[in-house]
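[1] Here's my sequence, what's the structure:
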Amino acid sequence: MKNSFKDTAKWLSLSAELGDADSQFKLGLIYKLAENAPEEKAESLKWLQKAADQGHADAQFTLGKSYFYGDDAPEDKAEALKWIQKAADQGHADAVFLLGFAYYSGEGAPEDKALALKWIQKAADLDNAYACFLLGHSFYFDEDAPEDKAEALKWIQKAADLGYADAQFFLGQSLYLLEGGPENMALAVKWFQKAADQGLAEAQFKLGFAYDLGEGAPKNKAESLKWYQKAAEQGLPEAQFNLAESYFHGEGVPENKALALKWYKKAAELGLPEAQFILGLAYDLGDGVPENKALAIKWYKKAADQDYAEAQFNLAESYFHGLGAPQDKAEGLKWYKKAAEQGHLNAQFNLGLAYYFGKGSPENKAEGVKWIQKAADQGLADAQFSLGNCYYFGEGAPENKALAVKWFQKAADQGLADAQFSLANSFFTVKHKF
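    All right, here's what the predicted structure looks like:
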């Protein structure tokens, strides 16, 4: 124990030995905050016990919490709940909340959501910020409490006003998602700022995002990067990704691809599919890192397994054409289909061509035209041209020159030279038909 602790303990022990409960409690805390040698832990419990036996609510709660979490005392939920209950009966807000939490989680007490909410309500009435937030959250989401959005927001607002960061972030997010114009956005940013100042990574990210886009706050790239950096250093992958994007493209900071790749990799390793895809693309193209097709496929696969359509398409290309992996058209077709089902234009077109020509699967022109049509409907010029040919020659679709011309025209309007030639040719053929 340091000298300052020893001196304080020496003077407190005089009144503690005479039975002063407050001195006993403070002496217990001093030993609890010491270097945690076994003898000091024992002294801490001894003095906390003496104060608790005299009905000191803070001592009862601290003793109960020590047993509840096994902190400086053997974990003993039953002993913990005994002391927490005593403190709660005296109106100790933190004890009231912890008792509610025990019933809510079934830790040390039979799980009883109704009884838990009763105690949590009491703690909220006593201005326990976490209890206010949990109570509000239960009115929003918990099936064991009646849904009441107004009541929920009342308690969440109270928790936010009491300084609880998660509640401040929740309020900010709720306002950010409302369609209330600049006033709501500015208020959202105010709450994000409060939570961000307390170190909440999600709020730091949202604050950075607000400055990045100029939503609810003046557009300020330097301020945006400051908050992205704070959230990124706490391990929030979305912030790491946005920070990486800024360095990669030189937005608000000098371009630094090495630093960008460092942050992409951190976000990718935490499972963010966008980062996994970009990292795969960097290795695929040798952009900022040495080209490495095997590593590209590794990261594409991770993102593709999370249904990231761009990664599924690039993985399909790798397998279908044997780029960085042994050629496997069936495997390529599988990934084209996954991306196509998510509406990826080029995947739909390539899937259609594969079915149409029997590449990687038995030839099925009707199925091929179905997928080519999907890509054409979304405006892909190559698909529009191919669909025009299907109708023009009656292959995979009924021959229909008018429909063919319609699709040639759409592709030609986008500047596709082959479509412009076919369109001109179709007009020439009609004009000179005998």
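
[2] Could you pull up the residues touching the closest residue to Y140 other than its chain neighbours?
    Nearest residue to Y140, sequence neighbours excluded (Cβ to Cβ, 6 or more residues apart in numbering): A152, at 4.3 Å. (Each C-beta comes from the backbone N, C-alpha and C, glycine too.) With Cβ atoms under 8 Å, 6 or more residues apart in numbering as the criterion, the residues that contact A152 are G136, H137, S138, F139, Y140.

[3] In CSV: the residues you listed, plus pLDDT and neighbour count.
    As requested, these are exported to CSV (pLDDT from 0 to 100; neighbours: other Cβ atoms under 10 Å):
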residue, pLDDT, neighbour count
G136, 91, 26
H137, 86, 18
S138, 83, 24
F139, 81, 20
Y140, 77, 18
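
[4] Filter these down to the ones in helices?
    Among the contacts of A152, the members found in helices (DSSP state H) are G136, H137, S138, F139, Y140.

[5] doesn't K149 make contact with the last one?
    Which is Y140. Yes. At 6.8 Å, Y140 counts as touching K149 under the criterion of Cβ atoms under 8 Å.

[6] any chance you could map the strands in the stretch 251-400 of the chain?
    In the stretch 251-400 of the chain, no strands are found when defined by DSSP state E, counting those that start in this stretch.

[7] Just give the nearest non-adjacent residue to E223, would you?
    Using Cβ to Cβ, 6+ apart, the closest residue to E223 is Y211 (4.4 Å).

[8] From what I see, the one you found and F205 are in contact.
    No. Contact criterion Cβ under 8 Å: Y211 and F205 do not qualify, at 11.0 Å.

[9] overlap in contacts of the two?
    What both Y211 and F205 touch, as defined by Cβ under 8 Å, 6+ apart, is the set W227.

[10] and the helix or strand containing N425, how far out from the chain's middle?
    Element membership for N425 (DSSP states H and E) is helix 417-431. Once both centres are worked out by Cα atoms, centre = their mean, to the nearest Å, helix 417-431 turns out to sit 52 Å from its chain's centre.

[11] Just the buried residues of it, please?
    D418, A419, Q420, S422, L423, S426 (16 or more other Cβ atoms under 10 Å).

[12] Need those residues in CSV (columns: pLDDT and distance to Q157).
    Shown next, in CSV, are those (pLDDT from 0 to 100; distance: Cβ to Cβ, whole Å):
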residue, pLDDT, distance to Q157
D418, 94, 62
A419, 93, 59
Q420, 93, 62
S422, 91, 64
L423, 90, 63
S426, 79, 67
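
[13] which among those gets closest to W119?
    Lowest distance from W119 to the buried residues of helix 417-431 (Cβ to Cβ) belongs to A419, with 71.4 Å.

[14] now the closest one: how far from G394?
    Counting by Cβ to Cβ, to the nearest Å, the gap from A419 to G394 is 18 Å.

[15] With F169 instead?
    Distance from F169 to G394, by Cβ to Cβ: 60 Å.

[16] Counting neighbours around each, name which of these two comes out higher.
    F169 (25 against 12; other Cβ atoms under 10 Å).

[17] so which strand or helix has that one?
    With DSSP H and E as the test, F169 turns up in helix 165-177.

[18] what's the burial count for the residue nearest to G235 when sequence neighbours are not counted?
    Leaving out its chain neighbours, the residue that sits closest to G235 by Cβ to Cβ, 6+ apart is L270, at 6.8 Å. By the criterion of other Cβ under 10 Å, L270 has 15 neighbours.

[19] Wait, L270 touches A232, no?
    No. Checked against Cβ under 8 Å, the pair L270 and A232 is beyond contact range at 10.6 Å.

[20] what residues are shared contacts of these two?
    With Cβ under 8 Å, 6+ apart, L270 and A232 have common neighbours Q240.

[21] And for A296, the neighbour number?
    25.

[22] Tell me the backbone dihedrals of P326, please.
    phi -60, psi 140 (degrees, to the nearest 10).

[23] Report pLDDT for it.
    pLDDT for P326: 93.

[24] I'd like to know how far it sits from H56.
    Going from P326 to H56 by Cβ to Cβ gives 73 Å.

[25] Now do the buried residues in the helix or strand hosting A124.
    Using DSSP H and E, A124 maps to helix 113-125. For helix 113-125, burial by neighbour count (16+ other Cβ under 10 Å) applies to K113, L115, A116, L117, W119, I120, Q121, K122, A123, A124.

[26] do stretch 259-268 as well
    For stretch 259-268, by 16+ other Cβ under 10 Å, it's L259, A260, L261, W263, Y264, K265, K266, A267, A268.

[27] So what touches that stretch?
    232, 235, 237-238, 240-241, 243-248, 274-276, 278-279, 282, 288-289, 299, 302.

[28] Give me the residues contacting the helix or strand bottoming out on mean pLDDT in the chain.
    Using mean pLDDT, DSSP states H and E, the weakest-scoring helix or strand in the chain turns out to be helix 417-431, at a mean of 79. Contact with helix 417-431 is made by 381, 384-385, 388-389, 392, 401, 404-405, 408-412, as judged by Cβ under 8 Å, 6+ apart.

[29] Could you identify the most distant pair in those residues?
    Maximum distance among those (Cβ to Cβ): 19.9 Å, for A381 and K401.

[30] Which one of those two is surrounded by more residues?
    A381 (20 against 15).

[31] picking up where we left off before, for the residue nearest to G235, grab phi and psi.
    The phi/psi pair for L270 (degrees, to the nearest 10) is phi -90, psi 0.

[32] ok, it - contacts?
    Here L270 is in contact with G235, P237, Q240 (Cβ under 8 Å, 6+ apart).

[33] out of these, which are inside helices?
    P237, Q240.

[34] From the contacts of L270, keep the buried residues only.
    Applying 16+ other Cβ under 10 Å to the contacts of L270 flags P237, Q240 as buried.

[35] From the contacts of L270, pick the one nearest K365.
    Nearest member of these to K365, counting by Cβ to Cβ, is P237, at 43.9 Å.

[36] remind me which residues of the protein are low pLDDT?
    1-5, 35-37, 142-147, 179-181, 428-434 (pLDDT under 70).

[37] what about stretch 65-76, distance to the chain center?
    The answer for stretch 65-76 is 33 Å, by Cα atoms, centre = their mean.

[38] Residues contacting it, please?
    32, 36, 41, 44-45, 48, 63, 77, 79-81, 83-84, 98, 102, 107-108.

[39] how much space between the residue most central in space within the chain and Q173?
    The residue lying closest to the centre of the chain (Cα atoms, centre = their mean) is E238, at 7.0 Å. Distance of E238 to Q173, computed by Cβ to Cβ: 13 Å.

[40] Could you list which of the buried residues of stretch 259-268 belong to helices?
    The helices, defined by DSSP H, take in L259, A260, L261, W263, Y264, K265, K266, A267, A268 from the buried residues of stretch 259-268.
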